[in-house]
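A.B. asks: I'll drop the sequence and a predicted model, then ask my questions.
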6 protein chains.
Amino acid sequence: MSQRPSGRAADEGRPVSIELGTARHAEGSALIRVGGTEVLCTASIENRVPPFLRNKGQGWITAEYGMLPRATHIRGNREATKGKQSGRTQEIQRLIGRSLRACVNLRKLGEKTITLDCDVLNADGGTRCASITGAWVALAIALRKINAGSALTSQIAAVSCGLTKAGAVLDLDYIEDSNAQADSNFVLTSTGGIVEIQGTAEEAPFEESEFLELLRLAKLGTANLFEAQNRILESL
Amino acid sequence: MSQRPSGRAADEGRPVSIELGTARHAEGSALIRVGGTEVLCTASIENRVPPFLRNKGQGWITAEYGMLPRATHIRGNREATKGKQSGRTQEIQRLIGRSLRACVNLRKLGEKTITLDCDVLNADGGTRCASITGAWVALAIALRKINAGSALTSQIAAVSCGLTKAGAVLDLDYIEDSNAQADSNFVLTSTGGIVEIQGTAEEAPFEESEFLELLRLAKLGTANLFEAQNRILESL
Amino acid sequence: MSQRPSGRAADEGRPVSIELGTARHAEGSALIRVGGTEVLCTASIENRVPPFLRNKGQGWITAEYGMLPRATHIRGNREATKGKQSGRTQEIQRLIGRSLRACVNLRKLGEKTITLDCDVLNADGGTRCASITGAWVALAIALRKINAGSALTSQIAAVSCGLTKAGAVLDLDYIEDSNAQADSNFVLTSTGGIVEIQGTAEEAPFEESEFLELLRLAKLGTANLFEAQNRILESL
Amino acid sequence: MSQRPSGRAADEGRPVSIELGTARHAEGSALIRVGGTEVLCTASIENRVPPFLRNKGQGWITAEYGMLPRATHIRGNREATKGKQSGRTQEIQRLIGRSLRACVNLRKLGEKTITLDCDVLNADGGTRCASITGAWVALAIALRKINAGSALTSQIAAVSCGLTKAGAVLDLDYIEDSNAQADSNFVLTSTGGIVEIQGTAEEAPFEESEFLELLRLAKLGTANLFEAQNRILESL
Amino acid sequence: MSQRPSGRAADEGRPVSIELGTARHAEGSALIRVGGTEVLCTASIENRVPPFLRNKGQGWITAEYGMLPRATHIRGNREATKGKQSGRTQEIQRLIGRSLRACVNLRKLGEKTITLDCDVLNADGGTRCASITGAWVALAIALRKINAGSALTSQIAAVSCGLTKAGAVLDLDYIEDSNAQADSNFVLTSTGGIVEIQGTAEEAPFEESEFLELLRLAKLGTANLFEAQNRILESL
Amino acid sequence: MSQRPSGRAADEGRPVSIELGTARHAEGSALIRVGGTEVLCTASIENRVPPFLRNKGQGWITAEYGMLPRATHIRGNREATKGKQSGRTQEIQRLIGRSLRACVNLRKLGEKTITLDCDVLNADGGTRCASITGAWVALAIALRKINAGSALTSQIAAVSCGLTKAGAVLDLDYIEDSNAQADSNFVLTSTGGIVEIQGTAEEAPFEESEFLELLRLAKLGTANLFEAQNRILESL
């Protein structure tokens, strides 16, 4: 079994930092860095709900995801110029939205919509996981701002794990991600619950035991993320 | 714990049938019915590969998914009329494509593209799983037609399981799906490998043990699907 | 004068069959097969009218047409993926909509919209004609379901005729259609009235006498179609 | 039977005038006025053919149609702003293209594409017919300019006739068109051949005899149009 | 310093003519010709305002710009077919709209929207300037028609000037425009005020003194345009 | 004459800072802050030119502009979601592209394209000017990286000036911009040349003398910007 490209131990995540207030107009904002991945997450509150929820006495949480054209090694086309979001973008923003909805009591929120925008400034693997982890912080801040902190029912964070030449490893960076035999994104709660699992075997199917090892690593990895989230929120 | 709406046992899937040749021009076609869900899957072979694969000596497998406007209780808008595919559609067709790619040796396929079209004629829950199960059959037939059967490296099928008021159950229909606390789609190989897992807790996070129970049910459920696939292929 | 590719007599239409109920959720559905052409027609009723008809005390009939990507010899691009309907598709669905509106008393319908979706599963020429003939059946069933059978003012069916190397012939299949000097689609009522005529001379103009011969054949051909429509409706 | 709104006799067309050279850059251009309808038709020649005709030793004729937003009583939305052409526009431009293709020997044209743009400056009924009649002139001039006059195999013109309260009438204006029981567009050759017929019974089906009367009127009406075309071409 | 391609003096504009009533349905219309450039400008009045102005007791002026495909030497693609307006088109129509808004008292207009459509029939440089000059006439006529002439607070016209091989020159035609070192569009009022300036140095930056010379020429040039506008309006 | 909302003197610009390297993958990147406006500018080099420049021995400079949805007080719609860029966005990115092209010798660049992406993280007025000023820095760095520094022929910066209740003022922030009688964006070179002027009188026309005062202020303002650009480049 070979070493990880970064030299990290199999169960070693990348350094995480979260900065608040970068987006000065947003009700909540968190600039999260996980290794070389950097995502600006903002929470925007509006006093309206989508048509399908009108007069139902509940709110809505939704998410949009984007990548700046030069967040990547090679410049990608701007989706606004192409005139549509890619399937990948839509898949990711649906995942972020579902994950965040799972930790809010929408009835307590009232007839409000909170939109979480996750814009990737730099990409080095794991952008969807960083987005979820950062968006949770932006959401928590926005809810406090409208005195709706109690609508937040759980704390979530996300990390990807995968099967690589170095075995099962935690928190894949771009090089590992491109070469993984299989990888899985885990969105977990701070109390050990599973919110979302997206496991994909691009190269070869994986075994149940391998999957359970990935889940074990994810639990380790999210523990650090929960700590980073708590640290920054306590600093407020 | 209450009964399932359909009266089925927790580990009881819906009746499955597969019919070949419905799409008379396609290199392979399978009309699959899983309970009230009915999907027409076709495999189309073209002697070209997408630009990013040119001159790499390998082929490509991709998928597209659609729902006839009146496959559902209430007529949905036709995506061709709206001018774009929904995020849900794109998420599903990406899942189908990845899953099928995982069971083909693309080098053995040669510079060909096989497109799997999965069009839902009737929807009653589990349309993405039925699409994968049926598309595998259409793909197998198309590969035989071009004497490339050996490019098929594994047999896959898919089923959804979920946590409902009746506990952990196999093969959710529409009513169960709409009310499930959490559900998960499993794409498995006939030798027990995991190809894709998409687990979602819309209502409340689920526990590792619950997840493992869903996986156990999925293995039971796919066994029946593999049998149905084999039966129809042997009839050729 | 040579033989028709199919060996049919000049005034011989293809075998027709109509099956009801394929689309289980629709208010009315008819799966029509005319030779190798197969179209699933559904009628969907909604309790609303388009903006330009609001508060005018009348209903609306409209149609949408689509072809599954592999309904044809060579896979066609999915219109939902391309992001727009082709001119051909729009021309056809406008024809279907106009034809069906001509046989309904929209005031008797009340403020309802009935959408006729015609989706081609297999194409072998004459898809627009088969769509109209099948859509009429789906419409008739849907109107009965809401006790508005009396809003149906006439019975229509459609057939294409053309000038080929075998002379003026009835009900062109794909090969004939591709090579016809001129062809014409006729939408006729069971009492001999003309609802729509679309005559096109792609190769060379045709004479009035030739046109009248095509119309004569169309009357013969629709007689069989009316019979097939009546047979299936009487079976209800 | 009542009078026509315009006071015209049943078989009386509107005054026609054709002006050349309005579009100064085009290889051919004709500004046609038929009563209050005014269409600028241009023919543009390009030394390329569409992909499906490459290396087949033949050319192509195609058409595009548009209406200036304020060609009508009430301003219509600009299609370029809406981001798509309406079904009506597409239906019309396909008709124009097919009609003009029918009077050109595409082999004699060589590997060239001629695009006929028909832009309606003022609309008062019959815009598609005026477009075809004017486009034929623009096309004839453009073909002369490249010494390919012999590629023009026939002369065509178009007129609409309909069944109104004043009976069967020739060359409907907007008021008549809006209230007609049925109307039909005829594209005819100067030698009496039929190139295109589009007959539509919006209100009530029409009889074969009525249709033949419309065709008789159309022959009368196009005679005047052919004369106007010839007069202007002879003036060159 | 060389001569201008047209032989015009440096401060000599092109001949201008304005014709009224070309668009017979519009509340106001002006067909303006400036040398070889010809633009049909129409003003359309609607009794509604855009959402952001509702219940504010004021009106709105907006503009749309288009070029017929063959207004140019080489046929351009139709924007309605491409499905979007180019950046150039949007830039121009925003300029026209802003310019015309600057000469209307929107409160006096009342809750109405006036849309100015500027469609270029022939292009030979300066189409945006001709559009503004012509649109002002169409607007003035439309305002008179609804007895709101007093809402018109100033008279505007536009001209382009540029630095060419012949030095600073007035009213560039297409050849000059394509080769200018720098050019500037000036929208001026009849009392010498500046409404819009768009100065662009494509080749090399220009000096303040050069810019002032362009402005001096623009004042000369618009004087002629104001005269042409007045002449035609007085003829009413 | 009243005070400026910010308390700044009429000829006092906002504090400027430029940070390099924020976009870690880009050939050049500059994060520019002008007061509360913050724009991330990246330069991306590709070894290709657009079709219209192929085999002409020269390169191309182009720009794209975007605003993160929550860069503003109220969340704006994401252009990628809406499926098109607004007219404002296109107008701005065309301005940025033209301005930067004016300071590069495209022949010296060789057959390369440099795309300048300007993404607004926070908006408080003057985003297009900050984009140009920052993009020039990103461009300079990227040119150095490929040893093409000599292709850079001039140094540019941009600032907006306007007529407000406090008279003619330098560097408008959002509040001033929203209420200005007229404003003008100036793109100037470090040697006093004019590259672009966009002057707009939304409320009332302005006089030549007023315009010259705005130009005088712009020269003052850009002097500071040139200094900031030089300081950061010298630090390399």
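C.D. replies: Structure received. Residues are numbered from 1 along each chain as shown, chains lettered A, B, ... in the order given.
A.B. asks: hey, let's count contacts and neighbours off CA atoms from now on
C.D. replies: OK.
A.B. asks: Any stretches of chain A with poor pLDDT?
C.D. replies: Judged by pLDDT under 70, chain A has no weakly predicted residues.
A.B. asks: Residues of it that sit close to chain F?
C.D. replies: Chain A has residues A:23-26, A:42, A:44, A:68-75, A:78-85, A:117, A:119, A:121-122 near chain F, with proximity defined as Cα under 8 Å from any Cα of the partner chain.
A.B. asks: In helices, which of those residues appear?
C.D. replies: Among these, the residues falling in helices (DSSP state H) are A:79-82.
A.B. asks: Output these as JSON lines; include the columns distance to B:Ile132 and neighbour count.
C.D. replies: Shown next, in JSON lines, are those (distance: Cα to Cα, whole Å; neighbours: other Cα atoms under 10 Å in any protein chain shown):
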{"residue": "A:Glu79", "distance to B:Ile132": "29", "neighbour count": "22"}
{"residue": "A:Ala80", "distance to B:Ile132": "32", "neighbour count": "21"}
{"residue": "A:Thr81", "distance to B:Ile132": "33", "neighbour count": "17"}
{"residue": "A:Lys82", "distance to B:Ile132": "30", "neighbour count": "13"}
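A.B. asks: Return the residues in contact with the spatially most central residue of chain A.
C.D. replies: For chain A, the residue sitting closest to the mean C-alpha position, by Cα atoms, centre = their mean, is A:Ile132 at 2.0 Å. For A:Ile132, the contacting residues are A:96, A:99-100, A:156-158, by Cα atoms under 8 Å, 6 or more residues apart in numbering or on different chains.
A.B. asks: which bits of chain A sit near chain B?
C.D. replies: A:87-88, A:90-91, A:94, A:98-99, A:101-102, A:189, A:192-208.
A.B. asks: Return the list of strands paired to the helix or strand where A:Thr62 lies, each annotated with direction.
C.D. replies: In this structure, A:Thr62 sits in strand A:60-67 according to DSSP states H and E. Applying DSSP bridges to the sheet, strand A:60-67 is found paired with strand A:113-122 (parallel).
A.B. asks: Quick check: next helix or strand after the partner strand?
C.D. replies: helix A:127-145.
A.B. asks: how close does A:Lys84 get to chain C?
C.D. replies: 10 Å (Cα to the nearest Cα, to the nearest Å).
A.B. asks: quick one, what contacts that residue?
C.D. replies: By Cα under 8 Å, 6+ apart, the contact set of A:Lys84 is F:80-84.
A.B. asks: now do A:Glu64
C.D. replies: So A:Glu64 contacts A:93-94, A:96-97, A:115-118 (Cα under 8 Å, 6+ apart).
A.B. asks: Just the ones of the residues of chain A next to chain B in helices?
C.D. replies: Going by DSSP H, the helices hold A:87-88, A:90-91, A:94, A:98-99, A:101, A:208 from those.
A.B. asks: Which residues are in contact with the residue of chain A found nearest chain E?
C.D. replies: Chain E sits closest to A:Gly83 of chain A, with a gap of 9.8 Å, by Cα to the nearest Cα. Going by Cα under 8 Å, 6+ apart, A:Gly83 touches F:80, F:82-85.
A.B. asks: Need phi/psi at A:Arg78.
C.D. replies: A:Arg78 adopts backbone torsions of phi -70, psi 130, taken as degrees, to the nearest 10.
A.B. asks: what residues does stretch A:11-29 touch?
C.D. replies: Applying Cα under 8 Å, 6+ apart, the contact partners of stretch A:11-29 are A:30-35, A:40-45, A:134-135, A:137-142, A:145, A:169-171, A:217, A:220-221, A:225, A:228-229, A:232, F:70-74, F:121-122.
A.B. asks: try it again with 6 Å
C.D. replies: A:30-35, A:41-44, A:138, A:141-142, A:169-171, F:73 (Cα atoms under 6 Å, 6 or more residues apart in numbering or on different chains).
A.B. asks: What subset of these is buried?
C.D. replies: Applying 16 or more other Cα atoms under 10 Å in any protein chain shown to the contacts of stretch A:11-29, the neighbour count classes A:30-35, A:41-44, A:138, A:141-142, A:169-171 as buried.
A.B. asks: Need the max-distance pair from those residues.
C.D. replies: Among the buried ones among the contacts of stretch A:11-29, the pair separated by the greatest distance (Cα to Cα) is A:Ser44 and A:Val169, at 35.0 Å.
A.B. asks: related to what we said a few turns ago, will you turn the ones in helices among the residues of chain A next to chain F into a markdown table that also has distance to chain C?
C.D. replies: What follows is these, written out as a markdown table (distance: Cα to the nearest Cα, whole Å):
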| residue | distance to chain C |
| --- | --- |
| A:Glu79 | 15 |
| A:Ala80 | 15 |
| A:Thr81 | 15 |
| A:Lys82 | 12 |
